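> Pasting a predicted model and its sequence here:
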Amino acid sequence: MRPVVVVGCAVVALGVGGLGVAAWTGAESEDVARDHLGAFGEAARDAESRQETGLAIENARVAGVERGLEEARSLVAMDRDRVDAILEVRRAALETEARSAASQIADADAGARRQTQARLMEADRVVLADDIGAFGRGVLLSMLAVAASVLIVTAWLLGRRQRALAASLVVADAAVRTGTLELARTREDLERSVDEKTAALGTALDESRDLNVQLKDAQDQLVRQEKMAALGTLAGGIAHEFNNLLGGIRGCAEDLREEASDASAQETLDVVVRAARRGRTIVEGLMTFSQAGGKEPQPVELGGVVSDVFHLVASAAQEQGVRLEDMGVAEDVTVSGDPVQLHQVVLNLVQNAIQASAEGGVVEVEVVRGGDRVLLRVKDRGRGIRPDHAPRVFEPFFTTRELDGGTGLGLAITHGIVQGHLGTLAFEDRDGGGTLFVVDLPYAGRG
């Protein structure tokens, strides 16, 4: 309804403006007509004045004629013979004067008419110009009134439209801000979700890698266990026969060496005896490797086992120029198992460390407990283990000391014993050179 009311008001304003312009134009036309009538009255007064002037001239001429007639009568009375000549002369003079007066009157009348006509034309021109100016002003005022009304209506409509647009912009701005906040929150949620998914994926990948490594280790361990089980089965079948054969060979060689008088024969028999002893050592290792550990487990204090082993290998270490260092035990480090087998584990690891160390080296042994686990650490500063040898360290008969009499069974037997005690055996390179072997066994506590 508001636009209709505004348009109606605009139309009324236009009508009032038009009436005002018409009234103003009529007043202007009335003033111009009044001026025009004044000009006509002035022209009439001028014509009347000219007429009066012509009448005065005519009266003067008539008076002159009458005077001439009087003079003619007096002359006739004086000289009748000359009357005709005098009259003729007077008539001619009167005619001349009459023509002159008529000519003057005609000229005056013609000039008055020209002046009157010029004034009338000037008045008409002025009136026409005033009428045209008044009409133009009226049209201009009407156009201005119409333009003002249109501008008023347009301004109102534009203001209304502007207010509507401003309100729409406010609503749109609020919507945009809300959308921006929602978008920012959504983006943050997406980024957080992507980060969480990425972290979860990274964790899953790490876990997958760890599982793959564990699976590979388990597979390798299973393969080693299967190989060791097969070798143990084989060793169990042949160790006894080889032990008997080697025992007989050793006995016969010793008897022959005692009876032989030739030094060369005795030397040869000594080689046979040493070879038989070495073969028996290998067979005993095979028999130990093939044993499944049927003995009942009992508590074993590893600190005491380390001390016993140090007493056994002290002379060998001193001959090689290697110092043994027992780091001591600060708490209970009791495990459950076979004391002989655990003694063999510690002995093998310490002997390997001594053999790997150079003269002046140090072999450190420490036993610690962390929670429900007991850790035995054996450290040396020897030449270490080559990366290509690392996967085969615990394989039976793998040795890098063939020239030193290595059999390749020490670490394999040690690894089997540790696994039989529900533990693990691992190694790593030390900074600055050397190797660290770690035996991890379950803590049994004091019974």
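The structure has been received and is ready for your questions. The shown structure was predicted, so the numbers you read here are calculated from the model rather than taken from an experiment. Numbers count the residues shown, from 1 in each chain.
> Just the helices from the stretch 201-350 of the chain, written as ranges.
Secondary structure of the stretch 201-350 of the chain, counting by DSSP state H, counting those that start in this stretch: helices at 263-290, 302-320, 339-356.
> mind exporting the last one as PDB, just the C-alpha atoms?
Once non-C-alpha atoms are left out, helix 339-356 reads as follows in PDB (Å, rounded to 0.1, in the frame of the first residue of the first chain):
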ATOM      1  CA  PRO A 339      71.600 -74.500  37.400                       C
ATOM      2  CA  VAL A 340      74.000 -76.500  35.100                       C
ATOM      3  CA  GLN A 341      72.500 -75.100  31.900                       C
ATOM      4  CA  LEU A 342      72.400 -71.500  33.200                       C
ATOM      5  CA  HIS A 343      76.000 -71.900  34.400                       C
ATOM      6  CA  GLN A 344      76.800 -73.000  30.800                       C
ATOM      7  CA  VAL A 345      75.000 -69.900  29.400                       C
ATOM      8  CA  VAL A 346      77.100 -67.500  31.500                       C
ATOM      9  CA  LEU A 347      80.300 -69.500  30.800                       C
ATOM     10  CA  ASN A 348      79.800 -69.500  27.000                       C
ATOM     11  CA  LEU A 349      79.000 -65.800  26.800                       C
ATOM     12  CA  VAL A 350      82.000 -64.800  29.000                       C
ATOM     13  CA  GLN A 351      84.400 -67.100  27.200                       C
ATOM     14  CA  ASN A 352      83.200 -65.700  23.800                       C
ATOM     15  CA  ALA A 353      83.800 -62.100  25.100                       C
ATOM     16  CA  ILE A 354      87.300 -63.000  26.300                       C
ATOM     17  CA  GLN A 355      88.200 -64.600  23.000                       C
ATOM     18  CA  ALA A 356      86.800 -61.600  21.100                       C
END
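> looking at the helices of the stretch 201-350 of the chain, which has the lowest confidence?
Ranked by mean pLDDT, those bottom out at helix 263-290, with a mean of 70.
> Highest mean neighbour count out of the helices of the stretch 201-350 of the chain?
When the helices of the stretch 201-350 of the chain are scored by mean count of other C-beta atoms under 10 Å, the highest mean neighbour count falls to helix 339-356 (a mean of 21). Any C-beta I mention is one placed from the backbone N, CA and C, and that applies to glycine too.
> thinking again about what came up before, kindly present the helices of the stretch 201-350 of the chain as a markdown table, with separate columns for distance to C252.
Shown next, in a markdown table, are these (distance: least, C-beta to C-beta, whole Å):
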| stretch | distance to C252 |
| --- | --- |
| helix 263-290 | 9 |
| helix 302-320 | 30 |
| helix 339-356 | 30 |
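> Now do the same contact list for A426.
Going by C-beta atoms under 8 Å, 6 or more residues apart in numbering, A426 touches F437, V438, D440.
> Among those residues, name the buried ones.
The neighbour-count test (16 or more other C-beta atoms under 10 Å) marks F437, V438, D440 as buried among the contacts of A426.
> residues touching the residue nearest to the last one when sequence neighbours are not counted, list them.
Using C-beta to C-beta, 6 or more residues apart in numbering and skipping the chain neighbours, the partner closest in space to D440 is T424 (4.7 Å). Neighbour list for T424: V418, V439, D440 [criterion: C-beta under 8 Å, 6+ apart].
> In JSON lines: the buried ones among the contacts of A426, plus secondary structure and pLDDT.
Shown next, in JSON lines, are these (DSSP: H, G, I helix; E, B strand; the rest coil; pLDDT from 0 to 100):
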{"residue": "F437", "secondary structure": "strand", "pLDDT": "93"}
{"residue": "V438", "secondary structure": "strand", "pLDDT": "94"}
{"residue": "D440", "secondary structure": "strand", "pLDDT": "94"}
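> ok, so of the residues you listed, who is nearest S336?
Minimum distance to S336 across those is 14.0 Å, recorded for D440 (C-beta to C-beta).
> That closest one reaches G423, doesn't it?
Yes. At 5.2 Å, D440 and G423 qualify as touching, with contact defined as C-beta atoms under 8 Å.
> hang on, the earlier thing: nearest to R369, out of the helices of the stretch 201-350 of the chain?
Smallest distance to R369 across the helices of the stretch 201-350 of the chain (C-beta to C-beta): 9.5 Å, for helix 302-320.
> Give me the contacts around that closest one.
Under C-beta under 8 Å, 6+ apart, the answer for helix 302-320 is 323-324, 326, 328-329, 333-335, 339, 342-343, 346-347, 350-351, 354-355, 357, 359, 363, 365, 367, 374, 376, 441.
> redo that, cut-off 7 Å
For helix 302-320, contacts defined as C-beta atoms under 7 Å, 6 or more residues apart in numbering pick out 324, 326, 329, 333, 335, 342-343, 346-347, 350-351, 354, 359, 365, 367, 374, 376.
> between it and helix 339-356, how many degrees?
If you take axes from the mean of the first three to the mean of the last three C-alpha atoms, to 10 degrees, helix 302-320 sits at 30 degrees to helix 339-356.
> May I have helix 302-320 exported as CSV, CA atoms only?
C-alpha atoms of helix 302-320 as CSV (Å, rounded to 0.1, in the frame of the first residue of the first chain):
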residue,chain,number,x,y,z
LEU,A,302,72.5,-65.4,38.7
GLY,A,303,74.9,-63.2,40.7
GLY,A,304,76.4,-66.3,42.3
VAL,A,305,76.6,-68.0,38.9
VAL,A,306,78.6,-65.0,37.5
SER,A,307,81.0,-65.2,40.4
ASP,A,308,81.6,-69.0,39.8
VAL,A,309,82.2,-68.4,36.1
PHE,A,310,84.7,-65.6,36.9
HIS,A,311,86.7,-68.0,39.0
LEU,A,312,86.7,-70.6,36.2
VAL,A,313,87.9,-68.3,33.4
ALA,A,314,90.2,-66.1,35.5
SER,A,315,93.4,-67.9,34.4
ALA,A,316,92.4,-67.9,30.7
ALA,A,317,91.6,-64.2,30.8
GLN,A,318,94.9,-63.4,32.5
GLU,A,319,96.8,-65.4,29.9
GLN,A,320,95.1,-63.4,27.1
